[in-house]
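Novice: With the input below, show me the fold.
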Amino acid sequence: MAGRGSWSHMRVQRTADVDVQPSENGRPRLRVRSPEKVAMPRPSVRRRLVQPLPFIGAFLVVTALAGYWSVYSATTDRTPVLVAAHDLQAGTVVRPSDLRTAELAGDAGTMASLVPERELATVLGRQLATPVPQGAPLARASVAAAGSGPAAFTLVVPALRALGGSLRSGDRVTVLATFEVGPAGAQARVIARGLRVLAIGEAPDGLDRASASIPVTVALSNPSLAAGLALANSEGKIDLLREGGQGRTAPIPPASERGSS
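Specialist: Predicted structure coming up:
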């Protein structure tokens, strides 16, 4: 009985593949554990990372981050470009005051179609082939090629007779000339209509504005108008009439004044 009691209080450690079970007579009975009950060691972290699914997931995350960074860099990389400082009409001769600088971002194709700030000197003095509204970027296609402008003629007009300084490039004007006819007589008539103003010069320094004359360059759709403009420039007094939207086709009859006999 003492032997049986010693066996009942004995502690037996389980091995990885052996189970200890009590018997009816108090003696321990050993039984080999079935293979499915044997605990398998957990795979290491390094081994799990090299498995196909975790590796593919990590690759996709890295790819997504790289794509996001490339898009972010493209949209935040801004380039200084030229922008219209005010509404510019077709035919305007570009001056420094017509443009300002703004920073824009876009894809490579869009940015290549715009004139960057560093090319300002290449567009000054050139004509615009298309109108550019205020605040819009200056496109390369909007600038006429060098030497491709229309025939032009420069009039010398008193500043007060050229709309008193309110004349702007791109305006359409009618050229009126007044000639002396006979003793103390005069006649005013239209020399040309619908001429687009290309450029307006400045009055010479030191002259009173009321008496100063300024050069006004206009485009000639028909070069045959040059002879009449030259005669008016030399022998007559020129006035410029800015044409409105509805008055361009209204007839302008000649006017005459006869001298007293």
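Novice: need the contact list for the spatially closest residue to Arg172 that is not a sequence neighbour.
Specialist: Leaving aside its sequence neighbours, Arg172 sits nearest to Glu243 (Cβ to Cβ, 6 or more residues apart in numbering; 4.6 Å). Where C-beta positions appear, they are placed from N, C-alpha and C, glycine not excepted. Shown in contact with Glu243 (Cβ atoms under 8 Å, 6 or more residues apart in numbering): Arg172, Val173, Thr174, Arg193, Gly194.
Novice: again with Pro96
Specialist: Contacts for Pro96 (Cβ under 8 Å, 6+ apart) come out as Leu120, Leu124.
Novice: quick one: it from Pro137, how far?
Specialist: Separation of Pro96 from Pro137 (Cβ to Cβ, to the nearest Å) stands at 17 Å.
Novice: And the contacts of Glu243, which is closest to Ile214?
Specialist: Val173 (13.4 Å; Cβ to Cβ).
Novice: Any figure for the gap between Val123 and Arg140?
Specialist: Relative to Arg140, Val123 is positioned 9 Å away (Cβ to Cβ).
Novice: More neighbours: these two, which one.
Specialist: Set side by side, Val123 and Arg140 show more neighbours around Val123, with 19 against 12, by other Cβ atoms under 10 Å.
Novice: hang on, the earlier thing: of the contacts of Glu243, grab the buried ones for ChimeraX.
Specialist: Restricted to buried positions by 16 or more other Cβ atoms under 10 Å, the ChimeraX selection for these reads:
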select :172,173,174,193
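Novice: Kindly indicate which of the contacts of Glu243 lies nearest Val156.
Specialist: In terms of Cβ to Cβ, no member of the contacts of Glu243 lies closer to Val156 than Val173, at 14.4 Å.
Novice: Now do the same contact list for Leu220.
Specialist: Pro150, Ala151, Ala152, Phe153, Ala192, Leu195, Ala226.
Novice: Would you list the strands that the helix or strand the fifth one falls within pairs with, along with their directions?
Specialist: Using DSSP states H and E, the secondary-structure element containing Ala192 is strand 186-200. For strand 186-200, the paired strands and their directions (DSSP bridges) read strand 172-180 (antiparallel), strand 213-220 (antiparallel), strand 255-257 (antiparallel).
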